[in-house]
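Peer 1: Sharing a model prediction with you, sequence too.
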Amino acid sequence: MRILDWIVLVTSLVSIIAYGLYRSRGSNTVDRYLLAGKSMPWYAMALSIMATQASAITFISTTGQAYVDGMRFVQFYFGLPLAMVVIAAFVVPVFHHAKVYTAYEYLEQRFDAKTRALGSLIFLAQRGLSAGLTIYAPALVLSVIMGWPEQTTTICVGATVVTYTMLGGIKAVTWSDVQQMGIILAGLVISLITVIVLLPKQVSFGDAVYLAGAAGRLNAVTTNFDWNDRFNIWSGLFGGTFLFLSYFGCDQSQVQRYLTGKSIAQSRLSLLFNAVAKIPMQFFILFIGAMVFVFYLFIQPPVLFQQAEVARIARSGEFPALNEQYQRAYEQRRQAALALVEAHHSGDPAAEQRQTAAYRAAQKDIDRTRTATAKLVESTGGEKGFTDTNYIFLSFVTRYLPAGIVGLVIAVILAATMSASSGEINSLATVSVIDIYQRYVKRDGNDHHYLWASRAATLFWGAYAVFFAGYARRLGSLIVAVNKVGSLFYGSLLGCFVLAFAFPRVRGTATFTGMLAGEAAILWTAQYTEISWLWYNGIGCAVVMATALAITAFEDGVASARPGRPRRGQRQPA
Amino acid sequence: MHPSDVPDDPPPFLGTWRRVYIGVLLYLVILIAGFYLFTLAYR
């Protein structure tokens, strides 16, 4: 990093945090600290929700995903607008009218205390793990750029986030998110422009898109159905809808955002804005990854983007042969790419077809060599399931972006992380205090007491997230890991809330039992089948509902069999 | 310590929330169709 990068980085971060804290003045009651006194306009909530999702993981992992697997990851978001419409229409009014701080508080109003406690505990377990992943992402950035140990940077970033969250509450988090989205969008546009400008002179933007497509990197929609395939249009529409229904309908880190709205309409608008803007934004980020792929067709990339691992395996006897094979494969692909561009310009379909086949064969050679090198990392003591997806974009940024832009991109990554983490930690603290501490430990505290309890809980969850971040490197692609961890827990919560909203006859014990059965079904599916994690939410939700409805039907049958006892919901004769 | 009640207003455009939801769903259909054509064009 050069001086100009440091100036841009420090100025951006300080201004974001200072602005957020400035706007959070007066957050001195529990209502203001946790729900911003229900004063937020729709655009602030909308940008905050977007910024929370557009964490550092979005930048460093999604771009890498496009580099290695193409753009089909965008299909994962196809369920988002469907989920947003359902939540805006049915869930938002219920939560607002229930006058709750947390989604799980509503479960006690609708069912009973044990269902609320189980819902809260599932959320705390899941979101606590995700918070660790969120904090780990910038530590990865700093370890690549500055050579700092990941653990040290995780602790530094975590401490900053906790301090900021403790001081500001949700209002600070939301207003800083608004500023961050501006920087994030600017960073995205500048990154894309820079990639295109850095392409060789003989390759136009149109050629770059053509080459990315020929290598299968622009596969935005894939229609083949496969239970084991993570990203296709069907898993996106069905699995994705369940995941986003769970995320925005049952996850306190999102529910708390739209509960800060001035009105139901403002909360709805914030969600619908995301329904419209999220998919194009993800498409744009993936497209940057595809263009980075094209850039590296003409500038030789390292065999693996994780330089520390390359340096380690360089001592292995197998590495020189692999490296030589990689050099040859790269040169063949570069020649094939140039020949394909030429054939494309010539307008000769036969030549184009021939060169396309050669280009794809060369790409397969590269992929094979990279896979073999990754396996060498594993076999020589590296992590199991090693992947360098998370290092691809960072490697490009630090090596090729000009002074100032590197600082801006790092600022975007760090700021987005702080925002996402602070939102998560804030919601974890809220559930801990409202659903656990106030409900079971101290019921008669005053407002000041719960305000400080919220701050203490923020500190605890920050420390917990930092601890878990130490294990994040073993989870492969970060963006996939975050959603996979969520999918292990969300299905049960979703089933519980669907029963709460749509099945008035179902009661607490049936729902509670259904949630336990649903969680068991998800864990069994994850452990013993090859079914993609995108389907876990649907499976868990279905098991929860089937179990609870079966128990309810059984209870009703028993009740109606007893002479003189009316069925549940049936009126006693006057 | 519960927050106060919140009003339920109509949307600022399209008149009813139902129309807004239909608009969002139509937008999704158009978006997926556009991406599909994009995929076909560069396959």
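Peer 2: Right, received. Where do you want to start? Only a predicted model underlies this, so the values are computations on that prediction, with no experimental measurement involved. Residues are numbered from 1 along each chain as shown, chains lettered A, B, ... in the order given.
Peer 1: Show me the shaky parts of chain B.
Peer 2: B:1-8 (pLDDT under 70).
Peer 1: Residue of the stretch 151-300 of chain A closest to chain B, please.
Peer 2: Residue nearest to chain B within the stretch 151-300 of chain A: residue A:213 (2.7 Å; Cβ to the nearest Cβ). Just so you know, the C-beta spots here come from the backbone N, C-alpha and C atoms, and that holds for glycine as well.
Peer 1: and that residue, what is it in contact with?
Peer 2: Taking Cβ atoms under 8 Å, 6 or more residues apart in numbering or on different chains, we find residue A:213 in contact with B:41-43.
Peer 1: element containing it, please.
Peer 2: Using DSSP states H and E, the element containing residue A:213 is helix A:205-214.
Peer 1: need the next SSE after the strand or helix carrying residue A:281, C-terminal direction.
Peer 2: In this structure, residue A:281 sits in helix A:264-298 according to DSSP H and E. Proceeding N to C from helix A:264-298, the next assigned helix or strand is helix A:307-313, under DSSP H and E.
Peer 1: Could you list the residues in contact with that following helix?
Peer 2: By Cβ under 8 Å, 6+ apart, helix A:307-313 touches A:144, A:302-304, A:319, A:373, A:376-377, A:380, A:382, A:386, A:388, A:391, A:395.
Peer 1: Next secondary structure after it?
Peer 2: Using DSSP H and E, the helix or strand that follows helix A:307-313 in sequence is helix A:319-346.
Peer 1: which parts of that next one are buried?
Peer 2: In terms of neighbour count (16 or more other Cβ atoms under 10 Å in any protein chain shown), helix A:319-346 has its buried residues at A:319, A:322-323, A:325-326, A:329-330, A:332-334, A:336-341, A:343-344.
Peer 1: picking that back up, and the gap between the residue of the stretch 151-300 of chain A closest to chain B and residue A:398?
Peer 2: 28 Å (Cβ to Cβ, to the nearest Å).
Peer 1: now do residue A:555
Peer 2: For residue A:555 relative to residue A:398 (Cβ to Cβ), the value is 62 Å.
Peer 1: now residue A:265
Peer 2: According to Cβ to Cβ, residue A:265 and residue A:398 sit 45 Å apart.
Peer 1: give the contact list for the residue of chain B found nearest chain A.
Peer 2: The nearest approach of chain B to chain A comes at residue B:42, 2.7 Å away (Cβ to the nearest Cβ). Residue B:42 makes contact with A:209-210, A:212-214, A:218, according to Cβ under 8 Å, 6+ apart.
Peer 1: what would these look like in a markdown table with pLDDT?
Peer 2: A markdown table is the format used below for the contacts of residue B:42 (pLDDT from 0 to 100):
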| residue | pLDDT |
| --- | --- |
| A:209 | 93 |
| A:210 | 92 |
| A:212 | 92 |
| A:213 | 91 |
| A:214 | 90 |
| A:218 | 90 |
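Peer 1: Could you turn the buried ones of those into a ChimeraX selection?
Peer 2: Selecting only the buried entries of the contacts of residue B:42 in ChimeraX, with 16+ other Cβ under 10 Å as the criterion:
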select /A:209,210,212,213,214,218
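Peer 1: of all the contacts of residue B:42, which comes closest to residue A:501?
Peer 2: residue A:218 (39.6 Å; Cβ to Cβ).
Peer 1: my guess is residue A:494 meets residue A:537, correct?
Peer 2: Yes: under the criterion of Cβ atoms under 8 Å, residue A:494 makes contact with residue A:537 at 6.1 Å.
Peer 1: Looking only at neighbour counts, state which of those two leads.
Peer 2: Between residue A:494 and residue A:537, residue A:537 has the larger neighbour count (other Cβ atoms under 10 Å in any protein chain shown), namely 33 against 27.
Peer 1: coming back round to it: what's the average pLDDT for the helix holding residue A:281?
Peer 2: Here helix A:264-298 scores 93 as its mean pLDDT.
Peer 1: How far away from the center of its chain is it?
Peer 2: Centroid separation for helix A:264-298 versus its chain: 13 Å, with Cα atoms, centre = their mean, to the nearest Å.
Peer 1: Same check on stretch A:260-267?
Peer 2: Put simply, stretch A:260-267 sits 24 Å off its chain's centre (Cα atoms, centre = their mean).
Peer 1: What lies in contact with that stretch?
Peer 2: A:35-36, A:38-42, A:45, A:88, A:92-93, A:96, A:170-171, A:174, A:258-259, A:270, B:6-12.
Peer 1: how many other residues sit next to the closest residue in space to residue A:131 that isn't next to it in sequence?
Peer 2: Nearest residue to residue A:131, sequence neighbours excluded (Cβ to Cβ, 6 or more residues apart in numbering or on different chains): residue A:465, at 3.7 Å. For residue A:465, the count of nearby residues is 27 (other Cβ under 10 Å).
Peer 1: residues in the stretch 351-500 of chain A within reach of chain B, list them.
Peer 2: A:447, A:450 (Cβ under 8 Å from any Cβ of the partner chain).
Peer 1: Report pLDDT for whatever residue of the stretch 351-500 of chain A ends up closest to chain B.
Peer 2: Per Cβ to the nearest Cβ, residue A:447 is where the stretch 351-500 of chain A lies closest to chain B, at 6.0 Å. We have a pLDDT of 86 for residue A:447.
Peer 1: With residue A:36 instead?
Peer 2: Reading off the model, residue A:36 has pLDDT 76.
Peer 1: so who does it touch?
Peer 2: Residue A:36 is in contact with A:27, A:169-171, A:174, A:260, counting by Cβ under 8 Å, 6+ apart.
Peer 1: Relative to residue A:211, how far out is residue A:327?
Peer 2: 20 Å.
Peer 1: got it, and residue A:350?
Peer 2: 19 Å.
Peer 1: Of the two, which one has the most company?
Peer 2: Higher neighbour count among residue A:350 and residue A:211: residue A:211, with 27 against 8, using other Cβ under 10 Å.
Peer 1: Next up, the contacts around the closest residue to that one other than its chain neighbours.
Peer 2: Among residues not flanking residue A:211 along the chain, residue A:294 sits closest, at 5.3 Å (Cβ to Cβ, 6+ apart). Applying Cβ under 8 Å, 6+ apart, we find residue A:294 in contact with A:195, A:199, A:203, A:208, A:211-212, A:217.
Peer 1: What strand or helix carries residue 10?
Peer 2: Since no chain was named, I'll use chain A. helix A:3-23.
Peer 1: Tell me the helices and strands packed up against that helix.
Peer 2: Applying 3 or more Cβ pairs under 8 Å, 6 or more residues apart in numbering or on different chains; DSSP states H and E, we find helix A:3-23 packed against helix A:150-197, helix A:405-431.
Peer 1: That helix - what's its average pLDDT?
Peer 2: According to the model, helix A:3-23 has a mean pLDDT of 82.
Peer 1: Buried residues of that helix, list them for me.
Peer 2: For helix A:3-23, by 16+ other Cβ under 10 Å, it's A:5, A:8-9, A:12-13, A:16-17, A:19-21, A:23.
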